[in-house]
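Chemist: Attaching a predicted model along with its sequence, questions to come.
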Amino acid sequence: MLGMKVGLDLGSSAITAYVAGKGIVLCEANAISYDSYSGDVLAVGSEAMAMLSRTPETVKLVRPMQGGVISDFSVQCQIMTALLDRICQNAVFRPNLIISVPSGLTKLERRTILDAASVCGAARVSVLDAPIASALGAGVSIEEPHGVLVVDIGAGTCDIAVITMGTVAFCRSLPLAGDDFDHAICQYLRQKRSVEIGLPTAKGLKHRIGCVSPREEEFEVSVNGKDAVRQMPLQFYVTSSELCEALSPLAKSIAQAIIGVLEDVPPELFADICETGVVLCGGSAALYGLDTFLQEKLRLPVRVAPDGEHCAAKGAGYALQNMKQLEDHGFTFRLKERNIG
Ligand SMILES: Nc1ncnc2c1ncn2[C@@H]1O[C@H](COP(=O)(O)OP(=O)(O)OP(=O)(O)O)[C@@H](O)[C@H]1O
Ligand SMILES: [Mg+2]
């Protein structure tokens with residue numbers, strides 16, 4: 001197969017690309033900013049995202065994927081084209097792509113993504129359900145008749161899937177993930193402390209001292225925000241216990257959703273899952289204490305996949321390198337030429 005082999009993960013917060021033989025070559029925010037008056041593109045990717053909460057009225061920031069749903073396909077395609085150009089630069093042959101997409105996408109939406117990728121210059125392209133891509137990227141062997149429970153907690157969605165023999169046997173996509181954790185921190189501080197902070201600050205707090213199980217050592221960080229009553233600037237301290245209180249209800253909802261999926265699983269597959277446990281991936285799997293929290297609630301072993309944020313892109317790349325194996329499970333590549341005419 002001529003041309004670069006690119007595994008692409010289309011996520012709510014990030015677009016990640018894995019190139020066979022090179023590893024992760026790009027991880028950029030899935031965002032674009034425009035000049036509101038002229039409509040000109042100002043920035044794509046993380047540069048655009050840095051403008052969040054800081055944009056004047058003349059700048060419009062768009063995140064085309066929210067909660068695992070692509071709300072604006074033309075914008076999504078524009079971002080994909082710009083980022084593919086960055087990856088391929090001066091390559092002579094057009095790239096071959098496998099794109100990891102949210103499992104909840106309809107057939108029409110999948111088709112639109114395939115068409116978009118072709119228009120963006122891909123030679124051959126296929127889509128792969130995010131839970132399968134994540135499982136492959138987490139190093140889970142999925143083609144055997146053995147059930148595996150993979151939970152991918154990203155920014156917009158939590159995909160819970162039972163995979164066996166290379167296919168998703170049971171799945172549920174919960175619109176609750178990292179972005180909601182950020183909102184929950186803002187809401188908690190507004191209600192309990194009467195202070196307002198922006199979402200980027202909340203995300204920073206989550207990464208630094210966030211947790212859903214008590215930390216061995218209490219952490220405290222200084223934050224700049226706004227007094228919600230007097231509407232004045234305010235510097236205050238936030239502790240890891242407060243974040244635990246703010247975030248635990250969301251972790252509980254995730255645990256309940258997993259239990260809901262397990263209730264539908266037949267006994268043989270359930271027995272497999274009890275043996276292999278739960279594999280957590282996606283960026284939010286790195287939230288401190290989430291594995292132990294889920295382990296307690298589910299009474300199943302839980303392991304966090306290394307480099308969880310990049311599992312889906314790596315898995316899509318792995319799929320491209322092992323196409324024969326996937327084709328045996330019914331995956332087909334679509335040639336760009338077939339789209340024309
Ligand atoms: N150490 C960390 N602690 C808590 N959350 C983290 C950590 N590192 C990353 N995250 C969160 O992971 C999320 C991004 O994960 P990921 O890249 O898997 O999402 P995505 O694939 O873009 O979204 P989705 O799969 O929901 O469409 C963000 O919400 C980010 O804040
Ligand atoms: Mg994802």
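Modeler: Received, thanks. Residues are numbered from 1 along each chain as shown. Ligands and ions are numbered 1, 2, ... in the order given.

Chemist: Kindly export stretch 220-231 (C-alpha atoms) in CSV.
Modeler: Provided in CSV are the C-alpha atoms of stretch 220-231 (Å, rounded to 0.1, in the frame of the first residue of the first chain):
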residue,chain,number,x,y,z
GLU,A,220,-4.1,22.8,48.0
VAL,A,221,-3.6,25.2,45.1
SER,A,222,-4.1,28.9,44.7
VAL,A,223,-6.6,30.1,42.1
ASN,A,224,-7.4,33.4,40.6
GLY,A,225,-11.2,33.9,40.1
LYS,A,226,-14.0,36.2,40.7
ASP,A,227,-16.1,36.8,43.8
ALA,A,228,-19.6,35.9,42.6
VAL,A,229,-21.4,38.2,45.0
ARG,A,230,-19.2,41.4,44.7
GLN,A,231,-18.1,40.7,41.2
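
Chemist: Please name the nearest non-neighbouring residue to Glu196.
Modeler: Once flanking residues are discounted, Glu196 sits nearest to Lys226: 4.5 Å by C-beta to C-beta, 6 or more residues apart in numbering. Using the backbone N, CA and C atoms, a C-beta is placed for each residue, glycine as well.

Chemist: Quick check: which element contains the one you found?
Modeler: Here Lys226 is covered by strand 220-227, with elements defined by DSSP states H and E.

Chemist: Could you name the helices and strands sitting against the longest helix along the chain?
Modeler: Longest among the helix segments of the chain by residue count, using DSSP state H, is helix 240-264. Packing partners of helix 240-264 (3 or more C-beta pairs under 8 Å, 6 or more residues apart in numbering; DSSP states H and E): strand 148-153, strand 158-164, strand 167-174, helix 178-193, helix 199-209, helix 290-298.

Chemist: If you count neighbours, what's buried in the helix or strand immediately after that helix in the chain?
Modeler: Using DSSP H and E, the helix or strand that directly follows helix 240-264 along the chain is helix 267-276. Neighbour counts over helix 267-276 (16 or more other C-beta atoms under 10 Å) mark 269-270, 272-273 as buried.

Chemist: now stretch 132-144
Modeler: 132-138, 140, 142-143.

Chemist: Out of these, which sit inside helices?
Modeler: Within the buried residues of stretch 132-144, residues falling in helices by DSSP H are 132-137.

Chemist: nearest to Val62, of those?
Modeler: Ala133 (24.8 Å; C-beta to C-beta).

Chemist: Settle this for me: the closest one is touching Ser103, isn't it.
Modeler: No - applying C-beta atoms under 8 Å as the test, Ala133 and Ser103 come out as separate, 9.9 Å apart.

Chemist: Excluding chain neighbours, what is closest to the closest residue to ligand 1 within the stretch 1-150 of the chain?
Modeler: Going by C-beta to the nearest ligand atom, ligand 1 is nearest to Gly11 of the stretch 1-150 of the chain, at 2.3 Å. Distances taken as C-beta to C-beta, 6+ apart place Gly154 nearest to Gly11, at 5.4 Å, with adjacent residues excluded.
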